[in-house]
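S.K.: got a structure for you, letters missing:
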């Protein structure tokens with residue numbers, strides 16, 4: 001039987017020592033179980049650090065219990081949706097655990113949403129209550145006439161930290177998002193600290209949660225179209241935490257374990273791989289509320305002791321180019337993990353040179369809780385692959401006919417495992433389209449499986465450019481362009497062409513402004529076959545990005561390719 005499994009899953013033979021082929025699904029429990037166990041075991045350890053202040057597991061637990069009791073007193077019960085619209089501030093972990101232990105389903109909301117986007121997500125999810133940071137209250141106020149909210153809880157950036165006066169102003173400035181005047185109906189609105197205080201006098205009612213109950217409606221990033229909600233169960237998230245713990249060989253015996261959490265916790269990567277994973281181990285999350293503030297970010301890193309770091313390609317690139325990155329001590333870092341988008345070779349190389357740390361790249365999606373594959377964490381150099389499927393995870397590379405492709409041949413990455421979502425919320429047709437006849441989730445990503453079971457990402461299927469019948473994958477072209485010393489960052493998209501159907505267009509932010517369109521194209525010609533070379537190069541001051549720094553190629557497709 002073992003031989004049969006290994007024949008079907010070649011990656012098992014390459015697993016690090018001690019990593020099993022399967023996880024024990026019967027021992028997973030729920031996220032409420034994780035919360036209660038961690039608060040009991042690690043009470044005196046710091047759970048989070050925000051604006052220089054540490055919050056222990058006991059303090060986090062007491063505040064979450066109080067807020068959960070208050071939510072229940074508002075009539076909320078099992079399965080009711082509660083939305084959270086906050087960046088990485090101390091109120092977010094309290095709000096999140098409160099929602100989950102109250103038996104509700106959490107709906108993570110990007111705080112940078114416009115009123116239109118906020119309205120669409122809250123109405124689609126059927127959220128009854130919204131917890132929001134005051135810096136984004138004006139968005140809620142503008143959207144409110146079109147919303148059916150019963151209660152709005154407004155938090156401040158210093159809530160839960162004991163910050164007062166000047167320190168609260170400092171925290172708000174660090175967010176680089178001033179509080180605009182807004183007006184919400186007083187009969188529907190409660191301050192976060194007032195809700196916690198009121199909840200201390202109440203008792204949270206136990207809720208009979210099962211692993212198959214919904215923990216999150218996690219809306220997809222929307223990088224390829226209209227956002228829709230992945231239904232993630234307690235079992236989905238707990239399975240992925242267990243898979244990651246086994247893969248990284250992590251235990252709770254190390255008290256000094258701190259993850260730099262710069263990616264927003266409302267994004268699935270940070271939510272599972274930083275927050276829940278480290279809560280399971282009694283670790284600490286160093287919350288970075290605004291990583292786009294590179295000066296403030298580097299200053300925080302320089303005065304912090306951390307052991308783990310997570311990010312995306314654009315974040316590593318941002319830090320690579322900061323003049324003071326050398327002031328940050330990476331010598332105590334166990335590993336640096338990347339996900340969310342493909343890491344470029346040049347970025348990985350410069351990161352290793354600047355920090356001494358190799359980037360361990362992984363792969364996942366909102367629909368997979370998120371981790372599907374990851375490299376072994378003891379790498380000495382960036383591998384250029386997304387590593388191996390995690391325990392209890394099956395990956396099949398499928399062709400257009402739906403059949404598995406031979407090793408080394410590109411096809412759609414399809415996934416089956418306990419971390420794969422229950423389906424799309426209220427969209428059975430979309431769920432069916434995304435599921436193969438034999439139960440695999442179709443990711444929409446093109447990949448290649450190597451002989452040892454490692455997988456190399458090629459690109460998004462929807463981003464592929466077809467030039468005169470030849471497939472061009474933007475990731476490949478971007479990797480070449482990024483290696484030019486004049487290029488700070490770049491993105492490649494397709495544009496209509498009367499001659500070839502589509503043509504390749506490069507959108508570039510320059511480090512050296514003397515570089516011309518022809519300089520960039522000449523560089524590309526040295527490493528790419530002619531049909532892959534960008535026909536046009538468009539120069540920009542910045543590139544449009546999602547909340548986690550993923551470049552929005554679809555926004556660039558609307559930019560006229562008129563060159564520079």
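M.R.: Noted; the coordinates are in hand. Since the structure is predicted, the reported quantities are computational estimates derived from the model, not experimental observations. Residues are numbered from 1 along each chain as shown.
S.K.: how about the contacts made by the closest residue to residue 329 other than its chain neighbours?
M.R.: The spatial neighbour of residue 329 that comes closest, neighbours along the chain excluded (CB to CB, 6 or more residues apart in numbering), is residue 302 at 7.7 Å. Every residue, glycine included, has its C-beta placed from N, CA and C. Contacts were defined as CB atoms under 8 Å, 6 or more residues apart in numbering; by that measure residue 302 touches 324, 327, 328, 329.
S.K.: highest neighbour count among these?
M.R.: Among the contacts of residue 302, residue 328 has the most neighbours (other CB atoms under 10 Å), with 23 neighbours.
S.K.: for that one, what are its contacts?
M.R.: Residues touching residue 328, when contacts are defined by CB under 8 Å, 6+ apart, comprise 298, 301, 302, 355.
S.K.: again with residue 43
M.R.: Taking CB under 8 Å, 6+ apart as the contact definition, residue 43 lies against 56, 57, 58, 61.
S.K.: swap the cut-off to 10 Å and go again
M.R.: When contacts are counted by CB atoms under 10 Å, 6 or more residues apart in numbering, residue 43 touches 56, 57, 58, 59, 60, 61, 62, 282.
S.K.: for residue 447, see how far away residue 409 is.
M.R.: Distance check for residue 409 against residue 447: by CB to CB, to the nearest Å, it reads 10 Å.
S.K.: can you list the domain ranges for the chain.
M.R.: Domain ranges of the chain: 23-445, 464-556, per automatic domain parsing.
S.K.: is it correct that residue 36 falls within a strand?
M.R.: No. Per DSSP: H, G, I helix; E, B strand; the rest coil, residue 36 lies outside any strand segment and is helix.
S.K.: who's in contact with it?
M.R.: Counting by CB under 10 Å, 6+ apart, residue 36 touches 29, 30, 61, 65, 97, 101.
S.K.: pLDDT value on it, please?
M.R.: At residue 36 the predicted local distance difference test score is 97.
S.K.: cool, and residue 482?
M.R.: Confidence at residue 482, expressed as pLDDT, is 96.
S.K.: what does residue 416 give?
M.R.: 98.
S.K.: residue 340 too?
M.R.: The model reports residue 340 with a pLDDT of 83.
S.K.: return the member of the contacts of residue 36 nearest to residue 39.
M.R.: When those are compared for distance to residue 39, the smallest value, 3.4 Å, is given by residue 61; criterion: CB to CB.
S.K.: which non-adjacent residue is nearest that closest one?
M.R.: According to CB to CB, 6+ apart, the nearest residue to residue 61 is residue 39 (3.4 Å).
S.K.: ok so, going back, will you turn the contacts of residue 302 into JSON lines that also has pLDDT?
M.R.: JSON lines is the format used below for the contacts of residue 302 (pLDDT from 0 to 100):
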{"residue": "324", "pLDDT": "97"}
{"residue": "327", "pLDDT": "97"}
{"residue": "328", "pLDDT": "98"}
{"residue": "329", "pLDDT": "97"}
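S.K.: which one of these sits closest to residue 546?
M.R.: Proximity of the contacts of residue 302 to residue 546 was ranked by CB to CB; the top entry is residue 328 with 25.3 Å.
S.K.: ok, the closest one to residue 521 distance?
M.R.: According to CB to CB, residue 328 and residue 521 sit 36 Å apart.
S.K.: give me the neighbour count for residue 451.
M.R.: The number of residues packed around residue 451, counting by other CB under 10 Å, is 9.
S.K.: can you give me the end-to-end distance of stretch 366-380?
M.R.: For stretch 366-380, the first-to-last residue distance is 29 Å (CA to CA, to the nearest Å).
S.K.: would you say residue 193 is within a strand?
M.R.: No. The secondary structure assignment for residue 193 gives helix rather than a strand, going by three-state DSSP.
S.K.: just name the shakiest helix or strand of this structure by mean pLDDT.
M.R.: One helix or strand of the chain scores below all others by mean pLDDT, DSSP states H and E: helix 2-8, with a mean of 53.
S.K.: picking up where we left off before, from the contacts of residue 43, which two are the most distant?
M.R.: Taking every pair in these and measuring CB to CB, the maximum separation is 16.9 Å, between 62 and 282.
S.K.: make TSV from the contacts of residue 43 and add distance to residue 459, secondary structure and pLDDT to it.
M.R.: What follows is those, written out as TSV (distance: CB to CB, whole Å; DSSP: H, G, I helix; E, B strand; the rest coil; pLDDT from 0 to 100):
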residue	distance to residue 459	secondary structure	pLDDT
56	44	strand	97
57	42	helix	98
58	47	helix	98
59	45	helix	98
60	40	helix	98
61	44	helix	98
62	47	helix	98
282	39	coil	96
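S.K.: got these as a markdown table, with distance to residue 220 and neighbour count columns?
M.R.: What follows is the contacts of residue 43, written out as a markdown table (distance: CB to CB, whole Å; neighbours: other CB atoms under 10 Å):
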| residue | distance to residue 220 | neighbour count |
| --- | --- | --- |
| 56 | 34 | 17 |
| 57 | 31 | 22 |
| 58 | 36 | 15 |
| 59 | 34 | 21 |
| 60 | 29 | 23 |
| 61 | 31 | 21 |
| 62 | 34 | 17 |
| 282 | 31 | 22 |
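S.K.: looking at those, which one is closest to residue 21?
M.R.: For these, the residue nearest residue 21 by CB to CB is residue 282; the value is 27.2 Å.
S.K.: touching, that closest one and residue 258? I think so.
M.R.: No. When contacts are counted by CB atoms under 10 Å, residue 282 is not listed as touching residue 258 (11.3 Å).
S.K.: any idea how far the residue nearest to residue 329 lies from residue 355?
M.R.: Counting by CB to CB - residue 302 and residue 355 are separated by 13 Å.
S.K.: quick check: neighbours shared by those two?
M.R.: 325, 326, 328, 329.
S.K.: ok so the second one is a helix residue?
M.R.: Yes. With the criterion set as three-state DSSP, the secondary structure at residue 326 is a helix.
S.K.: contacting residues around the spatially closest residue to residue 44 that is not a sequence neighbour?
M.R.: Distance criterion CB to CB, 6+ apart; nearest residue to residue 44, sequence neighbours excluded, is residue 56 at 5.9 Å. Residues in contact with residue 56 (CB under 10 Å, 6+ apart) are 39, 42, 43, 44, 45, 46, 47, 48, 62, 284.
S.K.: identify, from those residues, the entry nearest to residue 500.
M.R.: Minimum separation from residue 500 among those (CB to CB) is found for residue 48, which lies at 52.6 Å.
S.K.: can you give me the neighbour number for the closest one?
M.R.: 29.
S.K.: could you give me the average pLDDT of the helix or strand harbouring it?
M.R.: With elements taken from DSSP states H and E, the one containing residue 48 is strand 46-50. Confidence for strand 46-50, expressed as mean pLDDT, is 97.
S.K.: how distant is that strand from the center of its chain?
M.R.: Using CA atoms, centre = their mean, to the nearest Å, the distance from the centre of strand 46-50 to the centre of the chain it belongs to is 20 Å.
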